[in-house]
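*Asks:* Need a 3D model of the sequence below.
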Amino acid sequence: MSDAPPSRPPKPEDKRGFLQKLAEMLHPGPDSKDELIETLVEAQDNDVIGAQSREMLEGVIRMADMTAGDVMVAAPRMDAINIDAPFDELLHLVIDTAHSRFPVFENEKENILGILIAKDLLKLQRAPELNIRALLRPAVFVPESKGLNDLLREFRGNRNHLAIVIDEFGRVAGLITIEDVLEQIVGEIEDEFDIAEDEGDIFGLADHTYRVSGDTLIERVSEAFGVLLPETDFETIGGLVAHEMGHVPKRGEHYTLAGLDFTVLHTKGGAVRWFKVAPVAANV
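*Replies:* Numbering: from 1, shown residues only. From the prediction side, this is the model:
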């Protein structure tokens, strides 16, 4: 007696109603990223997801097409350390910029020796006989074309939080951090060095410069620094500087206005959140 053929497992019951099946036939799911983003907007409008969730999901979708070159800090705006600089100069740079990691170069910025973690300077302070070379961590180099998804995966895997970006000719194009990548998803990330919005708008710093909120009224800046800023339809210093620059300011950019040097420290939502401001004469 021959064995009976094995029975096939029953198909899962399709619990969709007729109207739902008809709707899906007439309106199939999104087949492009733009349509997917439109679907997310509709989901928010229908209270399926919140605004913050939609923004994060959009960031994940858009990040798939982005590369290291799209979000890197360009080489001219990199805060890098000269290995031959004295300790006081190194300490000043660390405090002034509030970064946790710095590329270290010798002779020229193209010659990157490694990465210095700011907290490792404490070892140098306690033991001045130490050579700074002994504190350097290996530098990671990635091409400008490196996809952000792949880069984020590598950041998580090798625990490096900073990479040097190289152009097609092998020259240093800039740097990128894990924070730069994550900000494409969650927006501007603030750290322990940022100042809360409710703590004021102009702060004096130890190096005789000032940290100024982009939302500070132009009149207040004029009075605080004793300068005459241009008349404009804008009310805030952030709006005025952006107008004078002619484009949306990026982190690290400089602009001189009315005898003041404005350095963009933080941006959020296309607007400057914080400037570093110093009289031009103080930078000579």
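*Asks:* So which helix or strand of this structure has the lowest pLDDT on average?
*Replies:* Sorting the helices and strands of the chain by mean pLDDT, DSSP states H and E puts helix 18-26 at the bottom, at a mean of 49.
*Asks:* what's the neighbour count on L257?
*Replies:* Using other CB atoms under 10 Å, L257 has 18 neighbouring residues. No exception for glycine: its C-beta is placed from N, CA and C like everyone else's.
*Asks:* nope, L175 is what I was after
*Replies:* Residues near L175, counting by other CB under 10 Å, number 26.
*Asks:* Report the strands that pair with the strand or helix carrying it, each with its relative direction.
*Replies:* If you go by DSSP states H and E, L175 is part of strand 172-177. Strand pairing for strand 172-177, determined by DSSP bridges: strand 73-74 (antiparallel), strand 162-166 (antiparallel).
*Asks:* Rounded mean pLDDT for it, please.
*Replies:* For strand 172-177, mean pLDDT rounds to 91.
*Asks:* Now it - C-alpha only, PDB.
*Replies:* Extracted in PDB, the C-alpha atoms of strand 172-177 (Å, rounded to 0.1, in the frame of the first residue of the first chain):
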ATOM      1  CA  VAL A 172      41.400  65.000   3.400                       C
ATOM      2  CA  ALA A 173      37.900  66.300   2.500                       C
ATOM      3  CA  GLY A 174      36.600  66.600   6.100                       C
ATOM      4  CA  LEU A 175      35.400  64.600   9.100                       C
ATOM      5  CA  ILE A 176      32.200  63.000  10.200                       C
ATOM      6  CA  THR A 177      31.100  61.800  13.600                       C
END
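*Asks:* what's that strand in contact with?
*Replies:* By CB atoms under 8 Å, 6 or more residues apart in numbering, the surrounding residues in contact with strand 172-177 are 68-69, 71-75, 77-78, 101, 103, 109-110, 112, 142, 144, 151, 161-167.
*Asks:* Next, the buried residues of it.
*Replies:* Neighbour-count burial for strand 172-177, counted by 16 or more other CB atoms under 10 Å, picks out V172, A173, G174, L175, I176, T177.
*Asks:* next one: that strand to chain centre, how far?
*Replies:* The chain centroid and the centroid of strand 172-177 are separated by 12 Å under CA atoms, centre = their mean, to the nearest Å.
*Asks:* coming back round to it: ok, the buried residues of strand 172-177 vs P138, which is closest?
*Replies:* Minimum distance to P138 across the buried residues of strand 172-177 is 14.5 Å, recorded for L175 (CB to CB).
*Asks:* Surely T267 is in contact with E253?
*Replies:* No. At 9.4 Å, T267 and E253 do not qualify as touching, with contact defined as CB atoms under 8 Å.
*Asks:* For the stretch 101-250 of the chain, just list every one of the helices.
*Replies:* Secondary structure of the stretch 101-250 of the chain (DSSP state H, counting those that start in this stretch): helices at 121-126, 148-158, 178-186, 218-225, 237-245.
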